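A.B. asks: test case, fold it:
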Amino acid sequence: MSVPHQSDVLIIGSGAAGLTAALNLAERFKVTVLAKGGLAEGSTAWAQGGIAAVLEPGDTFESHIEDTMIAGAGLNDRKTVEFVVEGAPRAIERLIELGVPFNKEAGDLHLTREGGHSHRRIVHVNDATGWAVQEALLHAAQSHSNITLVPDMVVIDLATSKHEERYSGAGNVWGVYAVNRATGRVELFTANATILATGGAGRTYLFSTAPRGATGDGIAMAWRAGCRISNMEMMQFHPTCLYNLEVKNFLITEAVRGEGGHLLLPDNGYRFMPDFDPRAELAPRDVVARAIDHEIKRLGLDYVHLDISHMGAEFVTHHFPTIYEKLIGLGIDMTREPIPVVPAQHYTCGGIVIDLDGRTDLPGLYAAGECTQSGLHGANRLASNSLLECFVFGEACANHINEHWDDLPPPPAIRPWDESRVTDSDEEVVIKQNWTEIRRFMWNYVGIVRTTKRLERAAHRIKMLTDEIGDYYGHFRVTPDLIELRNLLQTADLIVRSALHRHESRGLHYTLDYPETLAVAVDTVLVP
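C.D. replies: Residues are numbered from 1 along each chain as shown. Down below sits the predicted model:
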């Protein structure tokens, strides 16, 4: 067993939330950041859209707050929404200081508009904002002597009081156990404070815009350690993912609709969104995704068309250079023809319960970004509020750790990982089979439109797989694939349990058995 690695603060995840926290802590503390794969492989780099902030004359915080509350179907926590919205302009300023080259027009920041927003308030770097943000944050982190970035570390579980050499039931979190991809060995990382910034759980679904690593790791680990998890039934499906059998999960940004794109039926070119909502293509994502899902199922289609060719070639290539290049490579010219699109899982609105300081239920454990349920998104995330949440809460975690450092004791001696009773697996096919099965039944039974019967079917499958995977986990040496499968199943279980618990349709949770929305919005909170 290798020597434990110790630092002041340990951060799991190298995306917007994790690196923001690291940069805000590194002036005072030694910070270690673990990435599951490459340092830029998380969801942040994939974010095409932009960051919402009140910057336009005539726009107000109140208006951004209202838009967020309306999209979230009233399930949001207003205090959190105010906290994040009011922190947005400052977050943009700091990103500009870090060198993020936001688009400008006549010297001012160029603001675009997306579905659900009443004003133009999305700052962006063409249609690849996330990549530019990731690059700037990573460059700043790599240049800082107090930040150690460790790629290819797959975290298994949190190290808590029960792993202390002198067992304690205090529930403190002292770090994590992680598998080093290069050596296959389990290493122990300890710290006074640990921040989970592990992203969402999109890979629980067959079609998802999330990167391969979005397997709900932080959510599953926090649940196993004793944190409450909330609103996991609120899975956002992005209405427009490219339909292409060669290319999985390429997103066609919301801004294509924001800048005048129309959704059409492939056979006759009929524009169907006005039939579903007066806001047509600019309705919130849940409305648009359900409308597309309805038309696909009603007509037995594989996809619908998204067409912006009527805006002219120069406009299209200027606004969407990345998407244009990608599609041309696939033989689709979006300046002259429509793009085939389908809905796909896109964002996890539920997660680990945190307060405005990013604190979880466990002492020493913080969380930020998509793995959390902060109260910002409610029953449906408003476009471009997600990167924003990462910056505001990444900083909030750092501020609280800075201000309360004396209350965060150093970690005691933690027991090494025990591999004395396991062997190497000769059954890797089991992992692949179970992974595929989970993603398929989650898509079919727990997708955009749900019924109690379908949810019960999913719950039944999960129960059978839990025994199977638990038995496998107990007998064989942990591998990255096994860790992800275990977390994927745990996350699927939390989603299904939450969905069965909500007897109404609200925001992203739409069930044919309870189509009405109840008068009072109540969070679904699961307690371990």
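A.B. asks: all contacts plus neighbour counts: C-alpha atoms, from now on.
C.D. replies: Fine.
A.B. asks: residues touching the residue lying closest to Val316 once chain neighbours are set aside, list them.
C.D. replies: Nearest residue to Val316, sequence neighbours excluded (Cα to Cα, 6 or more residues apart in numbering): Thr335, at 6.3 Å. Listed by Cα atoms under 8 Å, 6 or more residues apart in numbering, the contact set of Thr335 reads 308-310, 312-313, 316-317.
A.B. asks: same check, this time on Glu395
C.D. replies: By Cα under 8 Å, 6+ apart, the neighbours of Glu395 are 20-21, 24.
A.B. asks: out of those residues, who's the most crowded?
C.D. replies: In terms of neighbours by other Cα atoms under 10 Å, the contacts of Glu395 top out with Ala21 at 29 neighbours.
A.B. asks: where do the strands of the stretch 401-528 of the chain begin and end?
C.D. replies: Ranges of strands within the stretch 401-528 of the chain are 525-526, based on DSSP state E, counting those that start in this stretch.
A.B. asks: tally of neighbours for Tyr270?
C.D. replies: With other Cα under 10 Å as criterion, Tyr270 counts 12.
A.B. asks: tell me the strands in the stretch 1-150 of the chain, going along the chain?
C.D. replies: 5-12, 31-34, 51-52, 104-105, 108-109, 111-112, 122-123, 147-150.
A.B. asks: so which of those strands is the most packed in?
C.D. replies: Burial of the strands of the stretch 1-150 of the chain is given as mean neighbour count (mean count of other Cα atoms under 10 Å); strand 51-52 ranks first at a mean of 28.
A.B. asks: what is that strand packed up against?
C.D. replies: On a contact count with 3 or more Cα pairs under 8 Å, 6 or more residues apart in numbering; DSSP states H and E, strand 51-52 meets strand 122-123, helix 386-403.
A.B. asks: adding distance to His475 and mean pLDDT, write the ones you listed out as JSON lines.
C.D. replies: Formatted as JSON lines, the helices and strands packed on strand 51-52 follow (distance: least, Cα to Cα, whole Å; pLDDT from 0 to 100):
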{"stretch": "strand 122-123", "distance to His475": "50", "mean pLDDT": "94"}
{"stretch": "helix 386-403", "distance to His475": "38", "mean pLDDT": "97"}
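A.B. asks: among the ones you listed, which is nearest Gly218?
C.D. replies: Minimum separation from Gly218 across these (Cα to Cα) falls at helix 386-403, 14.8 Å.
A.B. asks: mind listing what's buried in that closest one?
C.D. replies: 386-399, 401 (16 or more other Cα atoms under 10 Å).
A.B. asks: what about that helix, distance to the chain center?
C.D. replies: Relative to its chain's centre, helix 386-403 lies at 16 Å (Cα atoms, centre = their mean, to the nearest Å).
A.B. asks: longest helix anywhere in the chain?
C.D. replies: Ranked by residue count and defined by DSSP state H, the top helix of the chain is helix 452-475.
A.B. asks: need the CA coordinates for it. CSV is fine.
C.D. replies: Extracted in CSV, the C-alpha atoms of helix 452-475 (Å, rounded to 0.1, in the frame of the first residue of the first chain):
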residue,chain,number,x,y,z
THR,A,452,-45.7,4.5,-12.4
LYS,A,453,-45.6,1.1,-14.1
ARG,A,454,-42.5,1.9,-16.1
LEU,A,455,-40.8,3.2,-12.9
GLU,A,456,-41.7,0.1,-11.0
ARG,A,457,-40.2,-2.0,-13.8
ALA,A,458,-37.0,0.0,-13.5
ALA,A,459,-37.0,-0.4,-9.7
HIS,A,460,-37.3,-4.2,-10.1
ARG,A,461,-34.4,-4.4,-12.5
ILE,A,462,-32.3,-2.2,-10.2
LYS,A,463,-33.0,-4.6,-7.2
MET,A,464,-31.8,-7.6,-9.2
LEU,A,465,-28.7,-5.8,-10.4
THR,A,466,-27.8,-4.5,-7.0
ASP,A,467,-27.4,-8.0,-5.7
GLU,A,468,-25.4,-9.1,-8.7
ILE,A,469,-23.0,-6.1,-8.7
GLY,A,470,-22.7,-6.1,-4.9
ASP,A,471,-21.6,-9.7,-5.0
TYR,A,472,-19.1,-8.9,-7.9
TYR,A,473,-17.7,-5.9,-6.0
GLY,A,474,-17.2,-8.0,-2.9
HIS,A,475,-15.1,-10.7,-4.6
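A.B. asks: which elements pack onto it?
C.D. replies: helix 428-445, helix 480-501.
A.B. asks: from these, which stretch is densest packed?
C.D. replies: Highest mean neighbour count among these (mean count of other Cα under 10 Å): helix 480-501, with a mean of 22.
A.B. asks: which residues are in contact with that one?
C.D. replies: 154-156, 179, 181, 201, 203-204, 215-217, 219-221, 230-233, 431, 434-435, 438, 442, 446, 452, 455-456, 458-459, 462, 465-466, 469-470, 473, 509, 524-526.
A.B. asks: try 7 Å this time
C.D. replies: Residues outside helix 480-501 that contact it (Cα atoms under 7 Å, 6 or more residues apart in numbering) are 154, 156, 204, 215-217, 220, 231-233, 431, 435, 452, 455, 459, 462, 469, 524.
A.B. asks: can you list the weak-confidence ranges in the protein?
C.D. replies: In the predicted model, the chain carries pLDDT under 70 at residues 1-3, 248.
A.B. asks: how about it, which residue sits the furthest from its center?
C.D. replies: Arg166 (36.5 Å; Cα atoms, centre = their mean).
A.B. asks: for Phe189, see how far away the closest residue to that one other than its chain neighbours is.
C.D. replies: Nearest residue to Arg166 in three dimensions, chain neighbours excluded: Ala413, at 7.9 Å (Cα to Cα, 6+ apart). Note on Ala413: its distance to Phe189, by Cα to Cα, to the nearest Å, is 12 Å.
A.B. asks: do Leu387 as well
C.D. replies: With Cα to Cα as the criterion, Leu387 and Phe189 are 27 Å apart.
A.B. asks: swap in Val527?
C.D. replies: For Val527, the distance to Phe189 - Cα to Cα - is 27 Å.
A.B. asks: determine which two of the contacts of Thr335 are furthest apart.
C.D. replies: His310 and Thr317, at 12.7 Å, using Cα to Cα across the contacts of Thr335.
A.B. asks: neighbour-wise, which of Ala413 and Phe189 wins?
C.D. replies: When Ala413 and Phe189 are compared for neighbours, Phe189 comes out ahead with 23 against 13, by other Cα under 10 Å.
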